[in-house]
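S.K.: Fold the following, please.
(one chain, ligands or ions: 1)
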Amino acid sequence: MDAGDWDDRYRDTELVWSAGPNLFVEQQSGDLPAGRSLDLAAGEGRNAIWLAERGWDSTAVDYSSVAIDKARQIAERRGVTITTEVADLGGYLPTQGAYDLVIIAYLQLVEAELTPILRRAAAALASGGRFVLVSHDLSNLDQGYGGPQEASVLTTPNQVAEAIGGALTIDLAEVVERHVQTDGGQKTALDTLVVARRSA
Ligand SMILES: C[S@@+](CC[C@H](N)C(=O)[O-])C[C@H]1O[C@@H](n2cnc3c(N)ncnc32)[C@H](O)[C@@H]1O
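M.R.: Sure, this is the predicted structure:
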């Protein structure tokens, strides 16, 4: 999918993703004191807006201008301000050493495209800063529910850890279960979860 396809998807549905934050983002960043955060591939901003509500100076970046417009409007309705940028992460260079928290949620790209984005995301962390990535895991294809059905855009914890391991200390790199309510009952999706930090 390119930016135009994502624009169409966001235009056609009132809210594509949930209104609240992703469970793993919430669990892995809820303990941090507010600082500067960067949400890459932020979509409609569910995580960036949640962080802003917790006092973070929150920036959301996505190449879908429709998604970013929605994120701005939702933030305004909820009485918080977020900084937004419409940019293709393929060429986006976040300010180095500037952020206390960098989040990437469900950015499903082939490894050759994802790796440089992960490395630039790692470089954007300030000393002591935390990196949280959650994405559809490769094992979800055979053993989990939903998500992209193309193996090349699915991740493994090792793949992500290897991409950023030179720059950051890996605190967690594992496959986690996410429970999804469907018309056919509860299903289990399998996600890659990687949490890392830039040493102080
Ligand atoms: C599955 S959505 C996840 C949105 C959000 N992170 C969330 O969890 O709610 C993937 C997002 O990645 C964005 N995206 C995909 N490729 C991108 C790229 N090269 N540059 C910027 N955004 C991109 C899409 O526009 C879309 O909003």
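S.K.: what's the nearest residue to the residue of the chain found nearest the ligand if we skip its chain neighbours?
M.R.: The nearest approach of the chain to the ligand comes at residue 43, 2.7 Å away (Cβ to the nearest ligand atom). All C-beta spots, glycine's among them, are computed from the backbone N, C-alpha and C. Distance criterion Cβ to Cβ, 6 or more residues apart in numbering; nearest residue to residue 43, sequence neighbours excluded, is residue 67 at 5.0 Å.
S.K.: Quickly check: whichever helix or strand the one you found is part of near the ligand or not.
M.R.: Per DSSP states H and E, residue 67 falls inside helix 65-77. Yes. Using Cβ under 6 Å from any ligand atom, helix 65-77 reaches the ligand at residue 67.
S.K.: For the residue nearest to residue 43, give me its contacts.
M.R.: By Cβ atoms under 8 Å, 6 or more residues apart in numbering, the contact set of residue 67 is 6-7, 10, 42-45.
S.K.: roughly how far apart are it and residue 144?
M.R.: To residue 144, residue 67 is 25 Å away according to Cβ to Cβ, to the nearest Å.
S.K.: got CSV for the contacts of residue 67, with neighbour count and pLDDT too?
M.R.: Formatted as CSV, these follow (neighbours: other Cβ atoms under 10 Å; pLDDT from 0 to 100):
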residue, neighbour count, pLDDT
6, 19, 93
7, 17, 92
10, 23, 91
42, 27, 98
43, 24, 96
44, 28, 94
45, 26, 96
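S.K.: before we move on, what SS does the residue of the chain closest to the ligand have?
M.R.: coil (DSSP: H, G, I helix; E, B strand; the rest coil).
S.K.: my guess is it meets residue 64, correct?
M.R.: Yes. Counting by Cβ atoms under 8 Å, residue 64 is a contact partner of residue 43 at 7.4 Å.
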